[in-house]
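S.K.: sequence and computational prediction follow.
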Amino acid sequence: MLGDTTSADRPDRRALILVENLSVPFDRRVWQECTTLRDAGWDVHVICPRGVKRDTEAEAEIDGVRIHRYPLRAATGGPAGYLREYGSALWHTVRLARKVGPVDVVHACNPPDLLFLPALWLKRRGARFVFDQHDLVPELYLSRFGRGEDLLYRAVCALERLTYRAADVVLATNESYRDVAVRRGGRRPEDVFVVRSAPDIDRFHPVPPEPELKGGKPHLLCYLGVMGPQDGVDYALRALAKLRDEFGRNDWHAVFVGAGDTFDAMVELSRRLGLSEQVEFTGRIADADLVRYLSTADVCLSPDPHNPLNDVSTMNKVLEYMVMGRPIVSFDLREARVSAGDAAVYAPANDEAEFAKLIALLLDDPEKRAQMGETGQERISGPLSWRNSQRSLLAAYAAASRDRTPVSANRPDRARRRPLH
């Protein structure tokens, strides 16, 4: 059991986790946090949007975690679309928080940096506020939209400052984010806890490779992740065209797993580059199928270009490649090196020809690929394991909850939980 107490020897404490950009348990980091808190004796509630193909129920109780979901249409049409999305999300979040009732901790996950508003409302009712900073939204804005430091950029900076100011403690996904919270957010170092994302090793583990997934070629290349403007799928596709045209390599099949705003544009780019016969886009797939592809892949791709966000962000796909024992080709980003170390080779930032060259070198060196894969697995089971993040998460909650009377002390009927309908 994690932590220094269990649910049997202390009053029940309630946590409410707020998420806007993904459903739960599809959001893997949030789900790991939920189960960690549950195992440490917390009564965990989540408010999040409904999913499209999964997590579609309005309410659910999964493995002891109670999830309250609301309908949400993703933004389209520029700033007005985001205003509609975020306004709807905030209204539903407050509505469902009223239904949940008093909590000891409200735990808000960005983006966007707007969930401090319902968090402040709950703070006035006695909750502590944990800010879980999944993204640096000012850097995300610069990297995604390319509009420079305009009025909207200054607005998102102001919202980030307000969120930092409102939080009792901050969770950072890596040391770069922690530095930002201290330097830009003005937070005391002792109030910022690094809780790294990590794959679920019970869910992600290699299975026997399936050569038929290689499309009749000797080698399989694999990309896993979101396909947005800042994610570099276009860099990967252009690098693959160079791998074929400049390095004379046609001995590979590539699979791109995932979806996002630019999915259709990436399929079209693949067609224009003449890659349609060698590049397969699967969209989102079941975990079991994802594991099959990753277990068969000879090289995995992390083509995130250097920009203000990517350089300081931990990429979940890199961690998932590592837990599966796959070698990685990445651009040279600060946090990519922190995560992958010698499990990856690094092309100069945004250099597609060098990216292609490194793919070719790894395809020709099975011993190096195997060594890199072993290195990645060792890192995931050691310094980057979720066990370390669990300890940090519980320490953050202990710091946030210090000297606070649990809500259950004032609710003698708390143990009699109403069933969800």
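M.R.: That came through, no problem.
S.K.: first-to-last residue distance for stretch 39-59?
M.R.: Stretch 39-59 has an end-to-end distance of 21 Å (criterion: C-alpha to C-alpha, to the nearest Å).
S.K.: swap in stretch 372-389?
M.R.: One end of stretch 372-389 sits 24 Å from the other (C-alpha to C-alpha).
S.K.: residues contacting that stretch from elsewhere in the structure, which ones?
M.R.: Here stretch 372-389 makes contact (C-beta atoms under 8 Å, 6 or more residues apart in numbering) with 32, 195-201, 319, 321-328, 339-345, 362. In short, each C-beta sits where N, CA and C put it, glycine included.
S.K.: likewise for stretch 87-95?
M.R.: With C-beta under 8 Å, 6+ apart as the test, stretch 87-95 has contacts from 18, 20, 47, 49, 70-73, 114-115, 117-118, 121.
S.K.: of those, grab the buried ones for PyMOL.
M.R.: The buried residues among the contacts of stretch 87-95 can be selected in PyMOL (16 or more other C-beta atoms under 10 Å) with this line:
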select buried, resi 18+20+47+49+70+72+114+115+117+118
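S.K.: any idea which of the contacts of stretch 87-95 is least confident?
M.R.: Minimum pLDDT across those is recorded for Arg73, with 86.
S.K.: flag the shaky bits of the chain, pLDDT-wise.
M.R.: For the chain, the stretches with pLDDT under 70 are 1-11, 77-78, 403-404, 408-421.
S.K.: change it to 80
M.R.: Residue ranges of the chain with pLDDT under 80: 1-12, 74-81, 202-204, 403-421.
S.K.: would you map the helices across it?
M.R.: In the chain, the helices defined using DSSP state H lie at 28-39, 79-100, 116-123, 137-145, 151-166, 175-183, 233-245, 263-272, 287-296, 316-323, 334-340, 352-363, 366-381, 386-401.
S.K.: so which of those helices is nearest Glu57?
M.R.: helix 79-100 (13.5 Å; C-beta to C-beta).
S.K.: in that closest one, which residues are buried?
M.R.: 85-86, 88-90, 92-93, 96-97, 100.
S.K.: distance from the chain centre to it, please.
M.R.: Offset of helix 79-100 from its chain centre (C-alpha atoms, centre = their mean, to the nearest Å): 21 Å.
S.K.: stretch 214-234 now?
M.R.: The chain centroid and the centroid of stretch 214-234 are separated by 18 Å under C-alpha atoms, centre = their mean.
S.K.: now swap in stretch 296-305 and tell me
M.R.: Centre-to-centre, stretch 296-305 and its host chain are 17 Å apart (C-alpha atoms, centre = their mean).
S.K.: swap in stretch 109-129?
M.R.: 20 Å.
S.K.: now do stretch 47-67
M.R.: 18 Å.
S.K.: what comes up buried for that stretch?
M.R.: For stretch 47-67, burial by neighbour count (16+ other C-beta under 10 Å) applies to 47-49, 51, 55, 60, 65-67.
S.K.: looking at the residues you listed, spot the one nearest Leu142.
M.R.: Proximity of the buried residues of stretch 47-67 to Leu142 (C-beta to C-beta) peaks at Pro49, which lies at 25.3 Å.
S.K.: leaving out chain neighbours, which residue sits closest to that closest one?
M.R.: Nearest residue to Pro49 in three dimensions, chain neighbours excluded: Leu72, at 3.8 Å (C-beta to C-beta, 6 or more residues apart in numbering).
S.K.: please report how far that neighbour lies from Glu85.
M.R.: Between Leu72 and Glu85 the computed distance is 7 Å (C-beta to C-beta, to the nearest Å).
S.K.: got it, and Pro112?
M.R.: Look at Pro112 and Glu85: by C-beta to C-beta, they are 9 Å apart.
S.K.: can you check Leu243 too?
M.R.: Leu243 sits 39 Å away from Glu85, going by C-beta to C-beta.
S.K.: for Val267, same thing?
M.R.: The gap separating Val267 from Glu85 is 25 Å, by C-beta to C-beta.
S.K.: just Glu210 next, same as before
M.R.: 40 Å.
S.K.: likewise Ala398?
M.R.: As judged by C-beta to C-beta, Ala398 and Glu85 stand 34 Å apart.
S.K.: and what of Ser143?
M.R.: Ser143 is 19 Å from Glu85, where distance means C-beta to C-beta.
S.K.: and if you look at Lys123?
M.R.: As judged by C-beta to C-beta, Lys123 and Glu85 stand 24 Å apart.
S.K.: again, but for Gly248
M.R.: Taken as C-beta to C-beta, the span from Gly248 to Glu85 is 47 Å.
S.K.: what of Arg244?
M.R.: For Arg244, the distance to Glu85 equals 40 Å [C-beta to C-beta].
S.K.: try Glu268
M.R.: Computed as C-beta to C-beta, the Glu268 to Glu85 distance reads 26 Å.
S.K.: ok, and for stretch 342-354, which residues are buried?
M.R.: Buried-residue list, stretch 342-354, by 16+ other C-beta under 10 Å: 343-347, 350-352, 354.
S.K.: out of the residues you listed, which sit inside strands?
M.R.: Per DSSP state E, strands hold the following members of the buried residues of stretch 342-354: 344-347.
S.K.: which residues are in contact with Arg369?
M.R.: 298-299, 327, 362.
S.K.: need the buried ones from those residues selected in ChimeraX.
M.R.: Typed into ChimeraX, the next command selects the buried ones out of those (criterion: 16+ other C-beta under 10 Å):
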select :298,299,327,362
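S.K.: would you reformat the contacts of Arg369 as a markdown table and include distance to Ser313?
M.R.: Below are these laid out as a markdown table (distance: C-beta to C-beta, whole Å):
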| residue | distance to Ser313 |
| --- | --- |
| Asp298 | 26 |
| Val299 | 22 |
| Pro327 | 21 |
| Leu362 | 24 |
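S.K.: still on that earlier bit, and of the ones in strands among the buried residues of stretch 342-354, the nearest to Ala166?
M.R.: Nearest to Ala166, judged by C-beta to C-beta, of those is Ala344 at 37.2 Å.
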